[in-house]
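S.K.: Here is a sequence together with a model predicted from it:
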Amino acid sequence: MNNNEIRGQISGMTLAGELGMPQFTPMPECQYNHVVFVLHGIGKHDESTSYYSNVEKMSKKFDGLNPCFDNKVKFIAIEWHEDLHKKLEESQLESVRPGGVPSLRNFVKDNFMDLLLWASPFYSSFLYTLVTCKFNQAYVTFMDHYPNFKGKISILAHSLGSVIIYDILCNHMRENQWAKTDSGNISLWMKMKDMKERCRDEKMKHIEWKDLYFDVYNLYLIGSPLAMMLGVRGYSDGIPIPNCINIWNIYNEHDPVAYLIEPLIDKRFTEQPVQPLPRVSKRRRHRKNKELRAQNSGGELRPSLSTPELRGLSAPAVPGSESNSNSSESSEDDSSETITIQTGVNTPELTMMEEGSSHQASLYLQRTKRLNISLFAGIRYDYRFKPKGIRTLTEISSILSAHSSYWLSKHILNFIGINLQLDPSELHKPNE
């Protein structure tokens, strides 16, 4: 019996009757089968900045974008800035801060000080321990509310938060339970590097690492400077590989803080165009209404590869195919009806089949498995997007808004939904 089962039985036990005999009451059914922890970057993230309320909105917006998905997702905010600055106030740094321009000094302290503390050998160890404990606390709290939860846990991390969780997962040495059955783009990465097992990051050996209480399935990086930080560290034998099943790096084209990780994974990616993020079509509303009508009438209509949720997936073609879409790009306009995703090789758009058949996904998976793609089987790690209308802004204003453009993005939530609906263990299985 594992810890979750023990916790569940204890929470369901009540003493009743004159003899005090224990009775087991049914545990509350968990309505979620996937949890996404959200980790912020530099700066203050509390109710004054609407951080918690925005994360709550992410759960509701995800359900609205994906009304017919089997997976119900709970987004949970992780906040570390406040406790880090409480630690800072105990130091001598406060006593050396002069008066004058208090508003500007507070702005610098609340934002740029986070980066300085992360880079400090003393504070970085405290910060990594703090964030790990915050994750574990949130996990225990969630499991106390839903002891029956047996789903998967992913992490969506922004800016400096993406660097922190990447380092934590690279030094999380416990075997990932999902790796026993699922093969994602991490296992493909390891196979391409001829790695049998992961090892700790020697560049970060000064940190006393704590283990997470859970295994991470998908790691989503948004607005991430991770690649720049890894480049500064000067890895000669390749960058460390995080302990998860999949990793995706999503960036705004106008975000000066975000960098690509694919060239650090394999230099051949430098010759490939970056994948555009699948976008949500305006025709979604018509599709949603149709699905809801079918469900209300007693019919069952499952999402198909022609739905907007899954639009943007295209099967890689066998090298030498007549079709060549290397030069094509997805439309930046929300009104586009279909999106073709680049894989860096010949990639004809996947034929859209009649909806209503669950057999469509299996056909797609079978076709993908048969292909022989030299470059990571067509699997990618970086995805770019440009919010609609940003091109009309001035360069300065677009830069200022780009780094904060990820929160509540329907395209990012749609991308999360795509990867939950189509089993990544099949989509990312290397060709045999």
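M.R.: Structure's in. What do you need? Numbering: from 1, shown residues only.
S.K.: Wait, Met229 touches Val163, no?
M.R.: Yes: here Met229 reaches Val163: they are 5.3 Å apart, a contact under Cβ atoms under 8 Å. Bear in mind the C-beta positions are built from the backbone N, C-alpha and C, glycine included.
S.K.: which residues of the stretch 101-250 of the chain fall in strands?
M.R.: Using DSSP state E, counting those that start in this stretch, the strands of the stretch 101-250 of the chain run over 152-158, 218-222, 246-252.
S.K.: Nearest to Leu104, out of these?
M.R.: strand 152-158 (24.1 Å; Cβ to Cβ).
S.K.: looking at this, Arg384 is in a strand?
M.R.: Yes: counting by DSSP: H, G, I helix; E, B strand; the rest coil, Arg384 is found in a strand.
S.K.: what number of residues lie near the residue nearest to it when sequence neighbours are not counted?
M.R.: Leaving aside its chain neighbours, Arg384 sits nearest to Val274 (4.8 Å; criterion: Cβ to Cβ, 6 or more residues apart in numbering). Close neighbours of Val274, defined as other Cβ atoms under 10 Å, add up to 19.
S.K.: Next one: Val274 from Ile239, what distance?
M.R.: Separation of Val274 from Ile239 (Cβ to Cβ, to the nearest Å): 18 Å.
S.K.: next one: Arg384
M.R.: Separation of Arg384 from Ile239 (Cβ to Cβ): 20 Å.
S.K.: can you check Lys152 too?
M.R.: Separation of Lys152 from Ile239 (Cβ to Cβ) stands at 25 Å.
S.K.: And Tyr217, by the same measure?
M.R.: 21 Å.
S.K.: And the two? Which one has more around it.
M.R.: Neighbours were counted for Tyr217 and for Ile239 using other Cβ under 10 Å; Tyr217 has more, 26 against 20.
S.K.: can I assume the more buried one is in contact with Gly151?
M.R.: No: assessed by Cβ under 8 Å, Tyr217 is found out of contact with Gly151, at 9.0 Å.
S.K.: returning to that earlier point: more neighbours: Met229 and Val163, which one.
M.R.: Val163 (21 against 17).
S.K.: Quick one: residues contacting the more buried one.
M.R.: When contacts are counted by Cβ atoms under 8 Å, 6 or more residues apart in numbering, Val163 is found next to 118, 224-226, 229.
S.K.: Pick the one among these closest to Leu130.
M.R.: Nearest to Leu130, judged by Cβ to Cβ, of these is Trp118 at 11.1 Å.
S.K.: How about the contacts made by the closest one?
M.R.: 124, 127, 160, 163-164.
S.K.: who wins for most neighbours among those?
M.R.: Neighbour-wise, the contacts of Trp118 (other Cβ under 10 Å) top out at Leu160, 25 neighbours.
S.K.: Verify the stated contact: it with Met113.
M.R.: No: with contact defined as Cβ under 8 Å, Leu160 does not count as touching Met113 (11.4 Å).
S.K.: I figured Ser59 hits Leu65, correct?
M.R.: No: if you go by Cβ under 8 Å, Ser59 and Leu65 don't touch, sitting 11.1 Å apart.
S.K.: Show the backbone phi and psi for Val36.
M.R.: Backbone torsions of Val36, given as degrees, to the nearest 10, read phi -120, psi 110.
S.K.: cool, the one 5 residues further on as well?
M.R.: Note on Gly41: backbone dihedrals following degrees, to the nearest 10 are phi -100, psi -140.
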